[in-house]
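Chemist: Have a look at this fold, sequence not included:
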C-alpha cells in the first residue's frame, strides 16, 4: 500500500472494506450528549475546588510524629484483646439490684427537713429594728477586734474530712497525689534534661498527667 | 431507655422530683461507676463502700453541679478521686509506695471470691497491677470503659497528648508482660 497516496488506492487494495457502508454502529446512553457538557463543567469545578482547598486541610501539631506510636498502641491493644476478652471480675448475685436501695436509704438519712414553719412577724417592728441596730453595732465591734484570728479559727473548726470531701468533689485528681509525692521528693532544678533515662522520662509523664 | 442528663438535672433541681431524679441517675450510672472503681481497687467490698460514698457525695453536691462539664465526667472525677484517696490511705496504712499497693492488690486477687477469670484474665489483671497508678487509670478508662481521649482529658484534667503517651506506655508494658510471663 502506498502511504503517500492513500486517496483512491486503498479501495483498490481493500475492496471488501470499500464495499461496506460507512455507518457508525456504536451507541451512547439516551441524552448522553445533552448532559455531557454539564458533567464536564461540574468535574472541572470540583477539580479546581480540590486544588484550592488542598492546602487548607491541616493536622494537629506533631501528628505525624506521634502517629507511629498510636498505631503501635492500637496493634498492642488488639493483641491484648485477642489474648483475653474480659477482666474476670464478678459481683455477688443480685448486687446491683440491692445497691440502689442501700444508697437511697443512706441518702434519706442525710435529707434536710422540708416545710419549716415561719412565724408571722408582729406589727411592732420598731422594737425589732432598734434591737437589730444595737446588735449590728456590737457585732461590728466584735468582728473588727477578732478579725485577725477569725480565719484560722474558722478553718480549724472545719473537720478534716469535710475539707477532703470538698477537694475530692471540686478539684482535679492530679492535685492530691502530686502534692503528696512532691512532699516526699526534692526537686533539683539544675538536672540536665538530656541525661534523663527512659524511666525518669516515664516518671515525668506520670507526674505531669 | 436511660434518662437524659438534662432531664435528671432538671428534676433534681425541683424538690418534688429530686428523689425521682436521683433514682434515674443511679439506674443510669451505678454500674459504670462501680466498675470504674472496682478495676482500680480490685476488692469488691472496698469497691462497694466506695461506690456508695461516691453517690452520697453526688447526692449532697449535685445541686451545685455546674453544667460547664458533662454530668458523667463529673461523676467519674468524683469516683476517681475517691478511689485514689482510698489507695493513698492504704499506702500510708501499710507504709508502701502507691505503686507498691498494686502488688498487694495482686496478692489478694488470687484469693478473691469475686474473680472467676481464667488464667489469661488473671495474668491481665496482674499485668495491670504492675503499672504506675496513673497509667492503670488511663488504660482502664480507654480500654475497658472505651472513653475517648477528650472525655478522659475532661475527667482527669490532663492533656490529650499526655494521655496518649501514657496509654501507649501502658499497652506496650502489658503486651510485654503477657508475652513473657508464665
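Modeler: Looks like it came in fine. What you are looking at is a predicted structure, and each value in this text was computed from that prediction instead of being measured. Numbering: from 1, shown residues only, chains lettered A, B, ... in the order given.

Chemist: Tell me the pLDDT of residue 174.
Modeler: With no chain named, the answer covers chain A. Among the per-residue scores, residue A:174 shows a pLDDT of 50.

Chemist: nope, chain B please
Modeler: At residue B:174 the predicted local confidence, pLDDT, stands at 88.

Chemist: Neighbours of the residue in chain A positioned nearest to chain B, how many?
Modeler: Each residue of chain A has a distance to chain B, by C-beta to the nearest C-beta, and the smallest belongs to residue A:88, at 2.0 Å. To be clear about C-beta, it is placed using only N, CA and C from the backbone, and glycine gets the same treatment. For residue A:88, the tally of surrounding residues (other C-beta atoms under 10 Å in any protein chain shown) stands at 20.

Chemist: and the gap between the closest residue to residue A:73 other than its chain neighbours and residue B:162?
Modeler: The spatial neighbour of residue A:73 that comes closest, neighbours along the chain excluded (C-beta to C-beta, 6 or more residues apart in numbering or on different chains), is residue B:168 at 4.5 Å. In this structure, residue B:168 and residue B:162 are separated by 11 Å, where distance is defined by C-beta to C-beta, to the nearest Å.

Chemist: If you average pLDDT per helix and strand, which one of chain B comes out bottom?
Modeler: The helix or strand of chain B with the poorest confidence is helix B:100-110; it has a mean of 66 (mean pLDDT, DSSP states H and E).

Chemist: and whatever helix or strand comes next after that one, which residues are buried?
Modeler: Counting by DSSP states H and E, the next helix or strand C-terminal to helix B:100-110 is helix B:119-129. In terms of neighbour count (16 or more other C-beta atoms under 10 Å in any protein chain shown), helix B:119-129 has its buried residues at B:121, B:122, B:123, B:124, B:125, B:126, B:127, B:128, B:129.

Chemist: Dump these to a markdown table, plus distance to residue B:157 and pLDDT.
Modeler: As requested, those are exported to a markdown table (distance: C-beta to C-beta, whole Å; pLDDT from 0 to 100):
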| residue | distance to residue B:157 | pLDDT |
| --- | --- | --- |
| B:121 | 31 | 78 |
| B:122 | 33 | 81 |
| B:123 | 32 | 83 |
| B:124 | 28 | 85 |
| B:125 | 27 | 84 |
| B:126 | 29 | 85 |
| B:127 | 27 | 87 |
| B:128 | 23 | 88 |
| B:129 | 24 | 87 |
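
Chemist: near chain A, from those?
Modeler: The residues of the buried residues of helix B:119-129 that also fall near chain A, by C-beta under 8 Å from any C-beta of the partner chain, are B:121, B:122, B:123, B:124, B:125.

Chemist: Which of the three states applies to residue B:2?
Modeler: Secondary structure, DSSP: H, G, I helix; E, B strand; the rest coil: residue B:2 is coil.

Chemist: neighbours of the residue nearest to residue A:73, just the number please.
Modeler: For residue B:168, the count of nearby residues is 21 (other C-beta under 10 Å).

Chemist: Next: residue B:22.
Modeler: Taking other C-beta under 10 Å as the definition, residue B:22 ends up with a neighbour count of 21.

Chemist: Please identify the helix or strand for it.
Modeler: Element membership for residue B:22 (DSSP H and E) is helix B:18-41.

Chemist: Residue A:58: helix or strand, and which one exactly?
Modeler: Using DSSP H and E, residue A:58 falls within no helix or strand.

Chemist: quick one: it from residue A:64, how far?
Modeler: Shown here: residue A:58 relative to residue A:64, a distance of 12 Å by C-beta to C-beta.

Chemist: Could you find the closest non-adjacent residue to the residue positioned nearest the centre of chain B?
Modeler: For chain B, the residue whose C-alpha lies nearest the mean C-alpha position (C-alpha atoms, centre = their mean) is residue B:36; its distance is 2.9 Å. Distances taken as C-beta to C-beta, 6+ apart put residue B:79 closest to residue B:36, at 5.4 Å, once the chain neighbours are dropped.

Chemist: residues in contact with the nearest residue to residue B:7 once chain neighbours are set aside?
Modeler: Nearest residue to residue B:7, sequence neighbours excluded (C-beta to C-beta, 6+ apart): residue B:24, at 7.4 Å. Listed by C-beta atoms under 8 Å, 6 or more residues apart in numbering or on different chains, the contact partners of residue B:24 are B:2, B:3, B:7, B:8, B:11.
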